[in-house]
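In: Need a 3D model of the following:
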Amino acid sequence: MSETALVTRAPWTDRFGRLRSGEAAIVALLAVVLAIVLPPFLFLIRASLAIGSDAAPRYGLDNFIAVVAHSGAELWITTLVYSLGSSALAIALGVSSAWLVARTDAPFRQVAVIAAVLSLAVPVIIKSIGWIMLLGPNSGLVNVALRAVVGGEEGPIQLYSLGGMIFVEGMLWMPVVFLLTLPVLYAMDPSLEEAAATSGADLRQTFQRVTLPLMRPSVFAVFLLALIRALESFEVPLLIGAPGNLHTLTTAIYDSIHTGFLPKYGEASALAVLLLLIVAAPLAFYYRLTRQADRFATITGKGFRPRRLKLGAWRRPLGLWLLIIPVALAAPLLILVWASFLPVYKPPELADFALLSLANYRAVWGRPETLAGLTNSALIGFWSATAVVALTFTAAWLTVRYRGSARWALDVVISVPLVFPGIVLGITVLIQVLRMPFIPIYGTIWILVFAFLIRFMPYGMRFCHAGMLAIHRELEECGRTCGAGALTVLRRIVLPLALPSVAAAWLYVFLHTIRDLSIAILLAGPGSQVVAVVILDLWNNGEVPELAALAVLMAAGVAVLGVALMWVSRRAGGVAT
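Out: I've put the predicted structure just below:
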């Protein structure tokens with residue numbers, strides 16, 4: 001069977017314009033995806049424009065005028081400065097560390113890479129609380145130590161400030177910037193830097209005139225991703241900004257729902273639409289930039305072996321710089337480990353070692369709400385990851401194997417949720433379910449599964465699409481020649497070969513659903529609390545030792561699961577090849 005025979009199979013019925021089998025499958029799947037993605041967006045727009053009662057609503061821009069008037073300039077300035085500042089900090093730390101790992105002989109390179117990978121598995125809310133316990137104004141470990149040195153009633157570090165928000169968010173995003181920049185540096189031809197060194201350029205001149213210009217497009221693309229992440233950020237503004245009376249758009253949306261006697265869905269929807277438009281701008285610029293990335297590529301083969309720059313006397317000091325990444329992961333986790341063994345949290349002292357016990361861990365396992373949160377998180381993560389992978393695996397196969405305009409539309413529609421920040425998607429799904437009471441998922445785990453399906457479809461599509469491109473169509477042709485149908489080929493040939501990408505997609509979605517707070521905090525009901533919401537409730541109630549025990553268990557469990565599943569996917573990849 002030829003290649004074109006698979007691409008354009010015989011029509012279902014006749015030649016009078018009816019869809020071919022592959023095109024029909026793409027159109028059917030496109031209709032399903034539209035039914036999932038489009039209604040939340042339409043309900044959000046309707047709610048943002050609706051005025052008056054639900055029985056007889058009017059439509060206008062009153063909600064937008066109200067939120068702009070009430071928020072004032074401070075909300076927008078805080079959001080902008082926080083996003084730009086944290087993104088710049090993450091870029092400065094992450095890119096410099098990636099360059100040291102990829103291009104120099106600095107020590108601790110492997111330690112930095114391992115720490116960056118492990119940091120992806122630790123939920124943001126856990127790391128944020130750890131930073132508060134380190135740098136908090138009253139009982140933060142660092143501030144307590146500094147007070148003992150410089151004196152005074154308050155520590156010199158003001159965490160609940162705009163600078164504190166920028167610092168914590170920058171440290172949280174730094175490992176991601178590091179990991180995104182490393183492949184770019186590894187792929188660059190080192191002969192250009194070697195030529196600069198041969199011409200007499202020192203280390204600074206080589207980096208400034210050769211390395212940096214080659215990196216600039218990729219670094220700017222990573223900066224845009226960091227900026228989008230900061231605009232969507234919810235945990236840091238909630239935990240660090242709100243105590244200092246600093247609010248961003250995400251916390252303003254949350255306050256519109258949870259402050260006051262009645263939720264202000266109109267104002268919350270208007271803020272959500274504005275945030276969506278703000279996020280869409282850098283996202284569109286990012287896609288435009290990545291489409292033009294080949295303009296900045298170096299023309300060379302792939303057989304080179306990078307010769308690492310000798311740092312000489314700077315080797316050890318710059319190696320210590322690389323320890324920023326493992327310290328940023330270990331410091332907040334270690335303080336949580338310490339707190340988890342104490343009956344009442346206090347900064348470490350030698351006399352407190354006699355108080356250490358496992359009582360908090362026993363208490364965590366004895367609390368029904370904690371066990372329910374862990375169970376719900378596992379179930380939601382499993383079903384969300386499975387639904388995302390099932391849908392995007394099929395969509396990726398259809399878009400790669402069949403031609404036609406419908407496949408382009410399917411890829412575009414699946415990618416649309418990228419513009420939805422987590423808090424915006426949470427409010428859109430909430431409004432949709434409240435306006436459609438005949439769908440009985442409000443207050444259950446299924447509303448969260450539905451929301452996470454929408455949020456992570458674009459990521460699942462990218463994972464699965466990359467896996468499909470690596471499988472030659474001749475393998476499927478052999479199956480068809482032997483009489484196998486499309487579903488049999490998909491199940492017996494394509495899935496085993498694409499299993500590493502599918503497993504990576506499943507793992508990515510699972511880990512991110514159980515750590516997400518921005519969606520869960522709006523959609524979780526009394527019977528569907530997830531572990532991130534349970535941790536936030538424990539924090540708000542001041543139950544720090546039990547919170548620390550739960551956070552340690554969750555971080556350890558997620559890390560072990562991530563390592564195990566990645567090992568399985570590598571094994572599967574070895575078998576498939």
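In: so how many other residues sit close to residue 281?
Out: 14 (other Cβ atoms under 10 Å). Every C-beta, even on glycine, is put in place using the N, C-alpha and C of the backbone.
In: Just the buried residues of stretch 77-94, please?
Out: Judged by neighbour count using 16 or more other Cβ atoms under 10 Å, the buried positions of stretch 77-94 are 78-80, 82-91, 93-94.
In: Figure out how far the helix or strand residue 414 falls within is from the centre of its chain.
Out: Assigned by DSSP states H and E, residue 414 belongs to helix 405-415. In terms of Cα atoms, centre = their mean, to the nearest Å, the centre of helix 405-415 is set 23 Å apart from its chain centre.
In: Test my guess that residue 514 contacts residue 377.
Out: Yes - Residue 514 lies in contact with residue 377 (Cβ atoms under 8 Å); the separation is 4.4 Å.
In: which residues are common contacts for those two?
Out: 530, 531, 532 (Cβ atoms under 8 Å, 6 or more residues apart in numbering).
In: hmm, back to that, what residues of the helix holding residue 414 count as buried?
Out: Buried residues in helix 405-415 (16+ other Cβ under 10 Å): 406, 407, 409, 410, 411, 413, 414, 415.
In: and if you look at stretch 95-107?
Out: 95, 96, 97, 98, 99, 100, 101, 102, 103, 104, 106, 107.
In: Arrange those in CSV, one row each, with pLDDT as further columns.
Out: CSV is the format used below for the buried residues of stretch 95-107 (pLDDT from 0 to 100):
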residue, pLDDT
95, 91
96, 90
97, 93
98, 91
99, 88
100, 90
101, 91
102, 86
103, 82
104, 85
106, 89
107, 91
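In: In helices, which of these fall?
Out: Secondary structure from DSSP state H places 95, 96, 97, 98, 99, 100, 101, 102, 103 of the buried residues of stretch 95-107 in helices.
In: can you tell me which two in the buried residues of stretch 95-107 are farthest apart?
Out: Greatest spatial distance among the buried residues of stretch 95-107 (Cβ to Cβ): 95 and 107, at 19.3 Å.
In: Just want the phi and psi numbers for residue 245.
Out: phi 60, psi 40 (degrees, to the nearest 10).
In: Also residue 234?
Out: Main-chain dihedrals, residue 234, degrees, to the nearest 10: phi -120, psi -40.
In: Same check on residue 50?
Out: Dihedral angles for residue 50 - degrees, to the nearest 10 - are phi -70, psi 140.
In: gap between it and residue 44?
Out: From residue 50 across to residue 44, the span is 11 Å (Cβ to Cβ, to the nearest Å).
In: Among these two, which residue is more densely surrounded?
Out: More neighbours surround residue 44 than the other of residue 50 and residue 44, with 26 against 19 (other Cβ under 10 Å).
In: can you tell me the helix or strand for that one?
Out: Going by DSSP H and E, residue 44 is in helix 21-49.
In: Could you pull out the buried residues of that helix?
Out: Buried-residue list, helix 21-49, by 16+ other Cβ under 10 Å: 22-23, 25-27, 29-30, 33, 36-37, 40-41, 43-44, 47-49.
In: Which secondary structure elements does that helix sit against?
Out: helix 62-103, helix 265-291, helix 368-401, helix 405-415, helix 422-435, helix 445-469 (3 or more Cβ pairs under 8 Å, 6 or more residues apart in numbering; DSSP states H and E).
In: repeat that with 10 Å
Out: If contacts are counted by 3 or more Cβ pairs under 10 Å, 6 or more residues apart in numbering; DSSP states H and E, helix 21-49 sits against strand 58-59, helix 62-103, helix 265-291, helix 368-401, helix 405-415, helix 422-435, helix 445-469, helix 486-489.
In: What is the fifth one packed up against?
Out: Translated: helix 405-415. helix 21-49, helix 368-401, helix 445-469.
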